[in-house]
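K.L.:
Sequence first, predicted model second:
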Number of protein chains: 2
Amino acid sequence: MATRALAVLGRGLVPVETPIVRADDTGLTRGDGVFETVHVRYGKPWQLDEHLARMAGSARMLGIALPSADELTGLVETVLTDAAGDEEVAVKIVCTRGPETGRDEPPTVFATMSDVSAAQRRGRRDGVSAVTVSLGVTADVRAGAPWLLGGAKTLSYAVNMAALRYAASVGADDAVLVSIEGSVLGAPTSTVVWAVDGALRTVPVDTGILAGTTVEYLLERAGELGLRAERTRVHVDELVAADEVWLCSSVRGAARVTALDGKPLGERGLTAGVQRILGFPH
Amino acid sequence: MATRALAVLGRGLVPVETPIVRADDTGLTRGDGVFETVHVRYGKPWQLDEHLARMAGSARMLGIALPSADELTGLVETVLTDAAGDEEVAVKIVCTRGPETGRDEPPTVFATMSDVSAAQRRGRRDGVSAVTVSLGVTADVRAGAPWLLGGAKTLSYAVNMAALRYAASVGADDAVLVSIEGSVLGAPTSTVVWAVDGALRTVPVDTGILAGTTVEYLLERAGELGLRAERTRVHVDELVAADEVWLCSSVRGAARVTALDGKPLGERGLTAGVQRILGFPH
């Protein structure tokens, strides 16, 4: 996604190609920072308060002094200055621990605005194939190990990106991350949701996954699909047998998983309803 | 460590406070890049070729087009322009995947020069206390899972930094990372070495740890201490019973671990010899 606009806290709009981060910023040298990606519809950020609340939680886990929600909301408004007429764009908000100078430095805070990528639109429309990728952890370990930063959305996404490159290398569109027991955790940049036994389900956060803002919104409205909302662990074999499976994120909405590890997954015609709830045309 | 000099590939020396990285550089937004930290003695980088070889391996694992060793050596020489008279400094070399613009972009490559921190000098002199911190993985999993980037020195160090903050929060100087079975893996910014049964030992890289350049150098010279060199897994309980234990890194050299999880570790007077081999005065 090419970046179309950049706003830096305290500076306002800055040309996208202007370097804004120092070589000794620990967000760069250590992946030591937090971020959120927000979907924007006709100039209005969707679920911004929920994203800012999650970002505050991530920052707390890392001990980073995140600016106030009001300041971040203003930053998002600034970066959206020229996007009012666009059907949809994505805004990324980033806050790093700041430069490592030996003195107390404020965090580095900025927001970028980008077009929604063709791949994300395509996933929403046609679904995605996925392969399982082990994160090498047990499903239990991260809840009791705060240093593993389960549930924090940090800038240290190299493994997430490598999992996506691995998926692409074997011909898949995306990855489903699993524990060493085969328990489904999530996906590199989205949350797993599935329908089975009259319920819409997702993985509980005691597995160390990020609490999905889009999934939260969707599960609160599962009744509109005639389904109960449930949070439960799922083995990858059970996921393959589910009625229908989606990868959900703010910008992508819901992309139906068409196949997992080469096995075709169920399709019960629920995707249109899921996307309608999330406000996306199918 | 405050940064004293900065050199950017293709630009030469740049003032340290000049921002050099764009908001959409994936090294920043995704921790998607590689780095090395090199010790410099009286203006001469120590083991630079070994560091550059390891960096090339890291870049291969991430699929990043690292510049040639000659170009990186020139970059290091540039950043050291004003350090010829210093007893010791540290140079960090960074290469990110570059900005995400939708076009093919070259990687972002730079080097910074810093003083060796007081904490590192103190660790070398007085040793360090440590606590064990679980990485939540098995000792075997990373060798067969390239997407977990075991053995790659990436910019995604948020968990390493969080492990160090956790250690500090319980009054320790450093952390020893262990697998869920209690098998020792390494430390957030160094490699674990121990002496026992007439051997100097370290953890094999089939556990997914980074191959330590300093430890490699040390083990090749274990005979000078009258010890064999061995690579073998070790349970944390065995580590506590070892003759002597060190955390080794380029800049720190060898810091003796004085206590692990509150238990005092052995001291057999080997530290002076280890540091002499590494070229540090004790």
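P.N.:
Structure received.
K.L.:
and the stretch 101-250 of chain A, which of its residues are near chain B?
P.N.:
A:101-102, A:110, A:112, A:133-138, A:141-142, A:145-149, A:152, A:154-163, A:165-166, A:175, A:180 (CB under 8 Å from any CB of the partner chain). From N, CA and C alone the C-beta is placed, and that goes for glycine too.
K.L.:
any weak-confidence spans in chain A?
P.N.:
Flagging of chain A using pLDDT under 70 yields the residue ranges A:1, A:281-282.
K.L.:
quick check: domain ranges of it?
P.N.:
Chain A breaks down by automatic domain parsing into domains covering A:3-116, A:121-277.
K.L.:
would CSV of the ones you listed with mean neighbour count be doable?
P.N.:
What follows is the domains of chain A, written out as CSV (neighbours: other CB atoms under 10 Å in any protein chain shown):
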stretch, mean neighbour count
domain A:3-116, 19
domain A:121-277, 20
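K.L.:
Tell me which of the ones you listed lies nearest to residue B:229.
P.N.:
Taking CB to CB, domain A:121-277 is the member of those nearest to residue B:229, at 28.5 Å.
K.L.:
chain center to the closest one: distance?
P.N.:
Chain-centre distance of domain A:121-277: 11 Å, with CA atoms, centre = their mean, to the nearest Å.
K.L.:
end-to-end on it?
P.N.:
Across domain A:121-277, the terminal residues are separated by 17 Å (CA to CA, to the nearest Å).
K.L.:
again with stretch A:239-250
P.N.:
Start-to-end, stretch A:239-250 (CA to CA) is 22 Å.
K.L.:
quick one, what contacts whatever residue of chain A ends up closest to chain B?
P.N.:
Residue of chain A nearest chain B, by CB to the nearest CB: residue A:31 (3.0 Å). When contacts are counted by CB atoms under 8 Å, 6 or more residues apart in numbering or on different chains, residue A:31 is found next to A:154, A:155, A:156, A:157, A:158, B:31, B:154, B:155, B:156, B:157, B:158.
K.L.:
Same question for residue A:166.
P.N.:
A:131, A:133, A:175, B:146, B:147.
K.L.:
tell me which element it falls in.
P.N.:
helix A:158-169 (DSSP states H and E).
K.L.:
coming back round to it: tabulate the domains of chain A (TSV), appending distance to residue B:208.
P.N.:
Formatted as TSV, the domains of chain A follow (distance: least, CB to CB, whole Å):
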stretch	distance to residue B:208
domain A:3-116	18
domain A:121-277	8
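K.L.:
if I pick the residue found closest to residue A:220 once you drop the neighbours it is linked to in the chain, what's in contact with it?
P.N.:
In this structure, residue A:220 finds its nearest non-sequential neighbour in residue A:229, 7.0 Å apart by CB to CB, 6 or more residues apart in numbering or on different chains. The contact partners of residue A:229, by CB under 8 Å, 6+ apart, come to A:199, A:200, A:201, A:219, A:220, A:222, A:223.
K.L.:
now, which of those lie within strands?
P.N.:
A:199, A:200, A:201 (DSSP state E).
K.L.:
Could I get the full set of helices for the stretch 51-200 of chain A?
P.N.:
For the stretch 51-200 of chain A, applying DSSP state H, counting those that start in this stretch gives helices covering A:69-79, A:118-126, A:158-169.
K.L.:
can I get those in CSV with distance to residue B:248?
P.N.:
Output for the helices of the stretch 51-200 of chain A, formatted as CSV (distance: least, CB to CB, whole Å):
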stretch, distance to residue B:248
helix A:69-79, 42
helix A:118-126, 44
helix A:158-169, 24
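K.L.:
all strands of the stretch 1-150 of chain A, in order?
P.N.:
Listed in chain order, the strands found in the stretch 1-150 of chain A under DSSP state E, counting those that start in this stretch are A:3-8, A:12-14, A:33-41, A:44-45, A:88-96, A:108-115, A:128-134.
K.L.:
Quick one: work out the angle between the last one and helix A:158-169.
P.N.:
Taking axes from the mean of the first three to the mean of the last three CA atoms, to 10 degrees, one finds that strand A:128-134 is oriented at 130 degrees with respect to helix A:158-169.
K.L.:
which outside residues touch strand A:128-134?
P.N.:
With CB under 8 Å, 6+ apart as the criterion, strand A:128-134 contacts A:163, A:166-167, A:170-180, A:187, A:236, A:247, A:255-261, B:141, B:145, B:147-148.
K.L.:
Please repeat the previous calculation with a cut-off of 7 Å.
P.N.:
The contact list for strand A:128-134 (CB atoms under 7 Å, 6 or more residues apart in numbering or on different chains) reads A:163, A:166-167, A:170, A:172-178, A:180, A:236, A:247, A:255, A:257-261, B:141, B:145, B:147.
K.L.:
Please name the strands paired to that strand in the sheet, noting orientation.
P.N.:
Looking at strand A:128-134 with DSSP bridges, its partner strands are strand A:174-178 (parallel), strand A:253-260 (parallel).
K.L.:
Ok, the shortest one next?
P.N.:
Applying DSSP bridges, strand A:44-45 is found paired with strand A:33-41 (antiparallel).
K.L.:
likewise the first one?
P.N.:
Strands adjacent to strand A:3-8 in the sheet, as given by DSSP bridges, are strand A:12-14 (antiparallel), strand A:108-115 (antiparallel).
K.L.:
Dump these into TSV; add distance to residue A:76 as well.
P.N.:
TSV is the format used below for those (distance: least, CB to CB, whole Å):
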stretch	distance to residue A:76
strand A:12-14	12
strand A:108-115	6
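K.L.:
Compare the ones you listed and give me the one nearest residue A:44.
P.N.:
Counting by CB to CB, residue A:44 lies closest to strand A:108-115 out of these; the figure is 13.1 Å.
K.L.:
List of residues touching that closest one?
P.N.:
So strand A:108-115 is contacted by A:1-9, A:20-21, A:25, A:27, A:67, A:75-76, A:79-80, A:83, A:89-96, A:98, B:23-24 (CB under 7 Å, 6+ apart).
K.L.:
Likewise for stretch A:15-25?
P.N.:
Residues contacting stretch A:15-25 (CB under 7 Å, 6+ apart): A:3-6, A:8, A:14, A:27-28, A:96, A:98-101, A:108, A:110, B:3, B:6, B:17, B:19-23, B:28, B:110, B:112.
K.L.:
how far does stretch A:8-27 sit from the chain's center?
P.N.:
23 Å.
K.L.:
Alpha carbons of that stretch, as CSV, please.
P.N.:
Taking Å, rounded to 0.1, in the frame of the first residue of the first chain, the C-alpha atoms of stretch A:8-27 are listed here in CSV:
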residue,chain,number,x,y,z
VAL,A,8,3.6,13.8,12.6
LEU,A,9,2.4,14.7,16.2
GLY,A,10,3.3,18.3,16.9
ARG,A,11,4.2,19.0,13.2
GLY,A,12,1.0,18.5,11.3
LEU,A,13,1.1,17.2,7.7
VAL,A,14,4.6,16.4,6.4
PRO,A,15,5.4,15.2,2.8
VAL,A,16,5.4,11.4,2.7
GLU,A,17,8.9,11.2,1.4
THR,A,18,10.4,13.3,4.2
PRO,A,19,12.4,11.1,6.6
ILE,A,20,11.0,11.6,10.1
VAL,A,21,12.7,9.0,12.2
ARG,A,22,16.3,9.1,13.6
ALA,A,23,18.7,6.3,13.2
ASP,A,24,18.7,5.7,17.0
ASP,A,25,15.0,5.5,17.4
THR,A,26,14.3,2.3,19.3
GLY,A,27,11.1,1.8,17.2
